[in-house]
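>>> the sequence and its predicted three-dimensional model are supplied below.
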Amino acid sequence: FAGGRGASDSGGRGGGGVDVSVNSDRGDGAGRGRDRPARKKPAGRGRGDGDNPRRQRVNLRLGTGKKGRQAQRSQKRGSLRRRNRTAEKEAKEEAAMERRTVSLPDNPITVSELAEVIDQTPVSVIKFLMTNLGVMASMTQMVDNPTCVAVAEGFGKIVGGDDEDWDDEDDEIDEDSALSVGFIVDEDDPEDLQPRPPVVTIMGHVDHGKTTLLDYIRKSNVAAGEAGGITQAIDAYQVKHNGQTISFIDTPGHAAFTDMRERGANITDIVVLVVAADDSVMQQTADSIACARQAGVPLIVAVNKCDLETADPNRVKSDLTQYDVLTEDLGGDILTADISAKAGTNIDELLDKIMLQAEVQDLKANPYPDAQGVVIEARVEQGLGTVATSLIQRGTLRVGDIFVAGSTSGKVKALIATDGKTRMEEAGPSTPVNIVGWNGVPSAGDLIVVAEDEKTARELAISRERIQRERAGDRYQVDLMQSITQNIFSGEAMKERREMCVVVKADVQGSAEALTRSLSELKLEDDEAIVTIKVLISEAGEVSKSDIAVASVTQDTTVLAFNVAANFAAQEDARMANVPIEYFSIIYDAIESVESRMQEVLSPTPEGEYVGAALVQEVFNIGGTGNIAGSRCTDGIIKKGSNVRIMRGDKILAESRVRTLRSFKSEVDSITEGDECGVGLIDFEDFEPGDVIESYVEAKK
């Protein structure tokens, strides 16, 4: 390039001569080529040197097909486009969120109305309720607000509302919500409500006479047949008093049956608190009071055993005031009766007060719709299969009805009264009945509801089982993380964790649940290890081959049979697999047996036959030899070269062999009971006075 656009002598814009060349060896007048002269600008187009004294600025930009200013403008326009695209994207997201946002009323709406709000078909909503939430519903049933929110969120909708309207308490699901009960509860027409019998739960401390009271009322003798003289299962009965019906529920009083007492309190109308006049208020008495208050049901205090010489009813009523239970004798509103269940004293007075309390509550129910109830207890009976003692709370259950309860379903094959003999065609509200026809064993406390057909009941049961399994997995993960965190900060992470596995089989589902909970809470530990219980199986029914197969997988697993037997095939498999089966009829005997086995797992005894023991009295340090335990043989015989274990309390410190054995400075081959000696062991010298050296002979394999 020579002289910009024109030559230096042409009078162009570049007057004064500006020469920019690519190569330094080109001449001053060089143009675009070495031999070709520079192109001259025509005269008259530019201004001369005198016209513009300023020198022309030369643009050295490499050519890109666009001029500099145009490129800059293009760059600016490009950045503006990016900002506009971001804004457009945000606007689209906001519009999509607005389309997904729905507004739900606080009051219940029908399934079809909910489907219209979330832009889905009613069939899709019903299917989602069954498969994802485990709730049975129809198009015309009213759905509560928490369930509506769960359905809307399940379909990807956002439930609109002010943030101020939400708080932490909104996350808690109401107990009456369909998400909790598993079905939609329809409101009854007041004209359809009819009086129903009261449901009364007998509660109190163990051995205070609860079952004896029911025996007198029923004119039976159930207490005489109970193992250990204590109730270990929940049961239901129905009696007549002055032409009126009363349904009774008997609950256990042992500490291990807290869940049973809570279930009894939750399904009852009145709680009769039985307190022994010679024993006053005990731990399970206070627990029963707490269960009644949590359930929100009234109390009636029955002071039992008033016929004994040591009875003091006034002391019982005074002690109850510590738990805010003020009886009518002391100016309160709690009805009370001083009775003797064994002698039958004032039993009629107690029943009259129960009916008086029921009259005040004005108990009514609708007997016309499909039945709804609750499982009180479940068991497996030979010839009948699964039998569930249940309480009908609403509607009428009939033979042939298809039902679902929890993760099990079935068809009513027979309804048996609580006496175990009378066959019934139907059962109305407040009626306890034994239901036959289950496909599995339900859990105590499961809610029963009649379904339209077997397919619906089966699909709902399968969905609930899957949901229950997923929730159990999530709960296990949370508990595991909490346990790990707690162990890290408490120092338990450094200890060895050992598990003792058991299989629990019981006569009823509630007893299996109570025994499992008690065993799961057991824990033994020392400075080195922690021992816990892992329950592999917990269910009702006799011990079967499948139970033995599960137990044989894990070494040292024990099968606990509570009030049940093992069939012949299971006994043979247990013998071949060397799986122990232990039989119990009292729950705390089973717990004590497991605790003793846990102690063995915590401090295992080496295999071998015990020979003798020596007590360390003093420790001597012998130069070149090391520490010698000055000991006295307390039992049996100690031989040189024999196998020994060093015990400090219940803990085994080490296992070794006798290296030296001296008596009066002489090396001997053995010592017997009463002799004093000096004992030196191989690879162990940390003796302390009080240690025990046990000698044993290894068992032949």
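Noted; the coordinates are in hand.
>>> helix or strand: which one has residue 464?
Counting by DSSP states H and E, the element that carries residue 464 is helix 454-490.
>>> which is the next helix or strand following that helix?
Using DSSP H and E, the next helix or strand after helix 454-490 towards the C-terminus is strand 496-506.
>>> how far off centre is the helix or strand just after that next one?
Tracing the chain C-terminally past strand 496-506 and defining elements by DSSP H and E, one meets helix 509-520 next. Here helix 509-520 shows a centroid-to-chain-centroid distance of 14 Å under the convention CA atoms, centre = their mean, to the nearest Å.
>>> show me what contacts residue 567?
For residue 567, the residues meeting the contact criterion (CB atoms under 8 Å, 6 or more residues apart in numbering) are 542, 543, 544, 545. C-beta here means a position set from N, CA and C on the backbone, and glycine is covered the same way.
>>> ok, and the most crowded of those residues?
For those, counting by other CB atoms under 10 Å, the largest number of neighbours falls to residue 543: 26 neighbours.
>>> tell me the contacts of residue 306?
By CB under 8 Å, 6+ apart, the contact list for residue 306 reads 277, 313, 338, 339, 340, 345, 346.
>>> same thing but 7 Å
Contacts for residue 306 were tallied using CB atoms under 7 Å, 6 or more residues apart in numbering; they are 277, 313, 338, 339, 340, 345.
>>> so it, which of the three states?
When the structure is reduced to helix, strand and coil (DSSP: H, G, I helix; E, B strand; the rest coil), residue 306 reads as coil.
>>> so how far is residue 277 from it?
With distances defined as CB to CB, to the nearest Å, the gap from residue 306 to residue 277 amounts to 5 Å.
>>> overlap in contacts, the two.
Overlap between the neighbourhoods of residue 306 and residue 277 consists of residue 313, taking contacts as CB under 7 Å, 6+ apart.
>>> by how many degrees do the helix or strand where residue 593 lies and helix 509-520 diverge?
Counting by DSSP H and E, the element that carries residue 593 is helix 587-602. Using axes from the mean of the first three to the mean of the last three CA atoms, to 10 degrees, the interaxial angle of helix 587-602 with respect to helix 509-520 works out to 30 degrees.
>>> tell me what helix 587-602 is packed against?
For helix 587-602, the contact count by 3 or more CB pairs under 7 Å, 6 or more residues apart in numbering; DSSP states H and E identifies strand 496-506, helix 509-520, strand 523-525, strand 529-540, strand 558-562 as packing neighbours.
>>> tabulate the ones you listed in TSV, adding columns for distance to residue 101 and mean neighbour count.
Putting these into TSV (distance: least, CB to CB, whole Å; neighbours: other CB atoms under 10 Å) gives the following:
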stretch	distance to residue 101	mean neighbour count
strand 496-506	49	19
helix 509-520	44	23
strand 523-525	50	14
strand 529-540	45	18
strand 558-562	55	22
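>>> residue 122: which of these is closest?
Counting by CB to CB, residue 122 lies closest to helix 509-520 out of the helices and strands packed on helix 587-602; the figure is 36.5 Å.
>>> could you list every helix and strand in contact with the closest one?
helix 258-266, strand 372-381, strand 496-506, strand 529-540, helix 587-602.
>>> could you dump it to PDB, C-alpha only?
Included here for helix 509-520 are C-alpha records, laid out as PDB according to Å, rounded to 0.1, in the frame of the first residue of the first chain:
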ATOM      1  CA  GLN A 509     -50.000 -60.500  65.200                       C
ATOM      2  CA  GLY A 510     -50.100 -58.100  68.100                       C
ATOM      3  CA  SER A 511     -47.900 -60.400  70.300                       C
ATOM      4  CA  ALA A 512     -45.400 -60.700  67.500                       C
ATOM      5  CA  GLU A 513     -45.300 -56.900  67.100                       C
ATOM      6  CA  ALA A 514     -44.900 -56.400  70.900                       C
ATOM      7  CA  LEU A 515     -42.100 -59.000  71.200                       C
ATOM      8  CA  THR A 516     -40.300 -57.500  68.100                       C
ATOM      9  CA  ARG A 517     -40.400 -54.000  69.500                       C
ATOM     10  CA  SER A 518     -39.100 -55.100  72.900                       C
ATOM     11  CA  LEU A 519     -36.200 -57.100  71.300                       C
ATOM     12  CA  SER A 520     -35.300 -54.300  68.900                       C
END
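>>> quick one: the strands in the stretch 301-450 of the chain?
In chain order, the stretch 301-450 of the chain shows strands spanning 335-338, 364-365, 372-381, 385-394, 397-398, 402-405, 408-416, 423-424, 426-427, 431-438, 447-450, with DSSP state E, counting those that start in this stretch as the criterion.
>>> residue 530 is nearest to which of the ones you listed?
With respect to residue 530, and counting by CB to CB, the nearest of those is strand 372-381 at 34.2 Å.
>>> and the spatially most central residue of the chain, what is it in contact with?
For the chain, the residue nearest the mean C-alpha position is residue 475 (5.5 Å; CA atoms, centre = their mean). Applying CB under 7 Å, 6+ apart, we find residue 475 in contact with no residue.
>>> now residue 189: how far from residue 109?
Residue 189 sits 19 Å away from residue 109 when distances are taken as CB to CB.
>>> who's more crowded, the two?
Remark: of residue 189 and residue 109, residue 109 carries more neighbours, 17 against 9, as counted by other CB under 10 Å.
>>> skipping adjacent residues, who's closest to the more buried one in space?
Nearest-residue entry for residue 109: residue 143, 6.1 Å, with adjacent residues in sequence omitted and distances by CB to CB, 6 or more residues apart in numbering.
>>> and the one you found, how many neighbours?
For residue 143, the count of nearby residues is 24 (other CB under 10 Å).
>>> same question, residue 278
Using other CB under 10 Å: residue 278 sits among 16 other residues.
>>> just say helix, strand or coil for it.
Secondary structure assignment for residue 278 (three-state DSSP): coil.
>>> what is the neighbour count of the nearest residue to residue 346 once chain neighbours are set aside?
When the adjacent residues along the chain are set aside, residue 346 lies closest to residue 339, with 4.5 Å between them (CB to CB, 6+ apart). A count of neighbours around residue 339, defined by other CB under 10 Å, yields 26.
>>> residue 339 reaches residue 302, doesn't it?
Yes. Checked against CB atoms under 7 Å, the pair residue 339 and residue 302 is within contact range at 5.4 Å.
>>> overlap in contacts of the two?
Looking at what touches both residue 339 and residue 302 (by CB under 7 Å, 6+ apart), the common residues are residue 350.
>>> okay, now the unreliable bits of the stretch 551-700 of the chain?
When residues are selected by pLDDT under 70, those of the stretch 551-700 of the chain lie in 603-608, 650, 699-700.
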